[in-house]
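Visitor: Everything below, folded, please.
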Amino acid sequence: MRSLLSEWLTLHCTRELDTMIEIEGKRRCCGCEACRQGCPQSCIRMERDEEGFDYPIVDTDRCIECHKCERVCPFMKLDEPREPQAVYAACATDEGLREASSSGGLFTLLAEDTLRRGGVVFGVRFDEAWSVCHDYTETIEGLAPFRGSKYLQSRIGESYRQAEQFLKEERPVLFTGTPCQIKGLVHYLGHAYDNLMTVDVVCHGVPSPMVWQRYLTTLRAGQGEITGISFRDKSVSGWRRYDFVAQSAGGGNVRQFYGDNIYMRGFLHDLYLRPSCYACMAKGGRSQSDLTLGDYWGVERTCPDLDRALDEDKGTSVVMIHSERGRRLLEGLPCRYRQTNYASAVAGNPAIEQSVTEPPKRQLFFAQLDAEPLDSLIARLTVIPLHKRLWRQLHHQAHRVKMRLRRLARD
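Guide: Got it, this is the predicted structure:
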């Protein structure tokens, strides 16, 4: 048994990117599982490493050396970046839907349109252990678990195979995921389908599922069994300064400004992202998606003349169009939108193009993970100066007061 094509990866990385030798190809694997699902011999399995990330393992005794795993791998070569055909600021006209979504509610609108046409929607949901996995739904009612940001790497499972089967049955399919997951799907399918709509999200990077489970353990110790998780709750503090919320059966709920939540703090300091996230090969339009969705940070500067309802801290999406199919779908949705430009979208959200830099303390974090409580370890390695913490708390409280006053005036 050996790591999937580890020798090939090492040689490939030596030839094209010398710095990859020392990490033995891990930056060239995003964990999309296209190789596993594409293997005709079913001789590839995913195995978790010491950091909690899954990597493919091949049974060389069963391998017939067909090289399909190489052909479907989205990270075998770096494609040229592509700028979108058009960029929009957009949000759903349904204010209830908009408030229930992480940003502007565009995913739900796209999904509902697909389902009305007899299609299937693939998205990401929590499982019973509060990890995340890809799944599909054929009903409007089944969309709710897919809604909302989930700052974890989802398990793809058999989603590529399932999507392929629905496509062959000539049903419309909407497939959503991170850029590398969409690129993995496109490579797995091998050719275009007129009935496939692919949507990727602007991705900061995916944290270790193992670290997330350890964080959940600390939550359960303090509040009991968890019944709900929201990474991006904006009901109290609004869209820009959202809260992390964990609900429990006993009622001991946790609500924290995202900057104060210890898990989000480590995530936003890039402390425990997957190695491939520090050298992502799917950003900048390389995923080959039809649409890219994300938060339109800075929309108040880019579109100061927008209708007030479009930007009163309820959430506004950036929508980047990469195909004519994507353009037609957007134009048919019940949403408000205004065309902007690519430069302004990237200025507010540089993760559209750029990978984050691996922090110097990342290796120390994983080396100390078993020796120190998670919360104190993250706090120690992501020290925020006192004056910044105080300023942030004051700013956050002032923002909450402003939100309350705005709601009172509206009521």
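
Visitor: ranges for the strands of the chain?
Guide: Taking DSSP state E as the test, the strands found in the chain are 2-3, 44-48, 54-58, 86-92, 120-126, 132-137, 173-177, 196-201, 226-233, 243-248, 254-257, 291-295, 317-321, 335-339.

Visitor: partners of the last one in the sheet?
Guide: Each strand pairing with strand 335-339, determined using DSSP bridges, is listed with its direction: strand 86-92 (antiparallel).

Visitor: Redo the strands of the chain as JSON lines? Include distance to Pro145, mean pLDDT and mean neighbour count.
Guide: For the C-beta atoms, the positions are set from N, CA and C on the backbone; glycine is no exception. Output for those, formatted as JSON lines (distance: least, C-beta to C-beta, whole Å; pLDDT from 0 to 100; neighbours: other C-beta atoms under 10 Å):
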{"stretch": "strand 2-3", "distance to Pro145": "33", "mean pLDDT": "42", "mean neighbour count": "14"}
{"stretch": "strand 44-48", "distance to Pro145": "23", "mean pLDDT": "93", "mean neighbour count": "15"}
{"stretch": "strand 54-58", "distance to Pro145": "22", "mean pLDDT": "93", "mean neighbour count": "19"}
{"stretch": "strand 86-92", "distance to Pro145": "18", "mean pLDDT": "94", "mean neighbour count": "24"}
{"stretch": "strand 120-126", "distance to Pro145": "4", "mean pLDDT": "97", "mean neighbour count": "23"}
{"stretch": "strand 132-137", "distance to Pro145": "8", "mean pLDDT": "98", "mean neighbour count": "19"}
{"stretch": "strand 173-177", "distance to Pro145": "13", "mean pLDDT": "98", "mean neighbour count": "25"}
{"stretch": "strand 196-201", "distance to Pro145": "16", "mean pLDDT": "98", "mean neighbour count": "25"}
{"stretch": "strand 226-233", "distance to Pro145": "11", "mean pLDDT": "95", "mean neighbour count": "18"}
{"stretch": "strand 243-248", "distance to Pro145": "15", "mean pLDDT": "94", "mean neighbour count": "20"}
{"stretch": "strand 254-257", "distance to Pro145": "21", "mean pLDDT": "93", "mean neighbour count": "17"}
{"stretch": "strand 291-295", "distance to Pro145": "18", "mean pLDDT": "96", "mean neighbour count": "24"}
{"stretch": "strand 317-321", "distance to Pro145": "20", "mean pLDDT": "96", "mean neighbour count": "26"}
{"stretch": "strand 335-339", "distance to Pro145": "22", "mean pLDDT": "91", "mean neighbour count": "18"}
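
Visitor: Kindly reformat those strands as JSON lines and extend each row with distance to Leu364.
Guide: Shown next, in JSON lines, are those (distance: least, C-beta to C-beta, whole Å):
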{"stretch": "strand 2-3", "distance to Leu364": "25"}
{"stretch": "strand 44-48", "distance to Leu364": "21"}
{"stretch": "strand 54-58", "distance to Leu364": "22"}
{"stretch": "strand 86-92", "distance to Leu364": "39"}
{"stretch": "strand 120-126", "distance to Leu364": "30"}
{"stretch": "strand 132-137", "distance to Leu364": "27"}
{"stretch": "strand 173-177", "distance to Leu364": "31"}
{"stretch": "strand 196-201", "distance to Leu364": "30"}
{"stretch": "strand 226-233", "distance to Leu364": "26"}
{"stretch": "strand 243-248", "distance to Leu364": "25"}
{"stretch": "strand 254-257", "distance to Leu364": "25"}
{"stretch": "strand 291-295", "distance to Leu364": "31"}
{"stretch": "strand 317-321", "distance to Leu364": "35"}
{"stretch": "strand 335-339", "distance to Leu364": "45"}
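
Visitor: what's the closest of the ones you listed to Ala282?
Guide: Set against Ala282 and scored by C-beta to C-beta, these come closest in strand 196-201, at 7.8 Å.

Visitor: Show me what the closest one packs onto, helices and strands only.
Guide: If contacts are counted by 3 or more C-beta pairs under 8 Å, 6 or more residues apart in numbering; DSSP states H and E, strand 196-201 sits against helix 106-116, strand 173-177, helix 179-189, strand 291-295, helix 324-331.

Visitor: what about the stretch 301-411 of the chain, any weak spots by pLDDT?
Guide: 305-312, 385-411 (pLDDT under 70).

Visitor: rewinding a little: quick one: closest of the strands of the chain to Leu152.
Guide: Among the strands of the chain, if distance is taken as C-beta to C-beta, the winner is strand 132-137, at 4.7 Å.

Visitor: give me every residue that touches Thr137.
Guide: Counting by C-beta atoms under 8 Å, 6 or more residues apart in numbering, Thr137 makes contact with 115, 120-121, 123, 143, 146.

Visitor: Repeat the analysis, applying 6 Å as the threshold.
Guide: Shown in contact with Thr137 (C-beta atoms under 6 Å, 6 or more residues apart in numbering): Val121.

Visitor: what sits opposite it in the beta ladder?
Guide: Going by DSSP bridges, Thr137 forms beta bridges with Val121.

Visitor: Now distance to Arg62 too, for the helices and strands packed on strand 196-201, in TSV please.
Guide: Output for the helices and strands packed on strand 196-201, formatted as TSV (distance: least, C-beta to C-beta, whole Å):
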stretch	distance to Arg62
helix 106-116	38
strand 173-177	29
helix 179-189	20
strand 291-295	38
helix 324-331	39
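
Visitor: Who are the contact partners of the closest residue to Asn261 other than its chain neighbours?
Guide: Distance criterion C-beta to C-beta, 6 or more residues apart in numbering; nearest residue to Asn261, sequence neighbours excluded, is Phe244 at 4.1 Å. By C-beta under 6 Å, 6+ apart, Phe244 lies in contact with 231, 256, 258, 261, 264.
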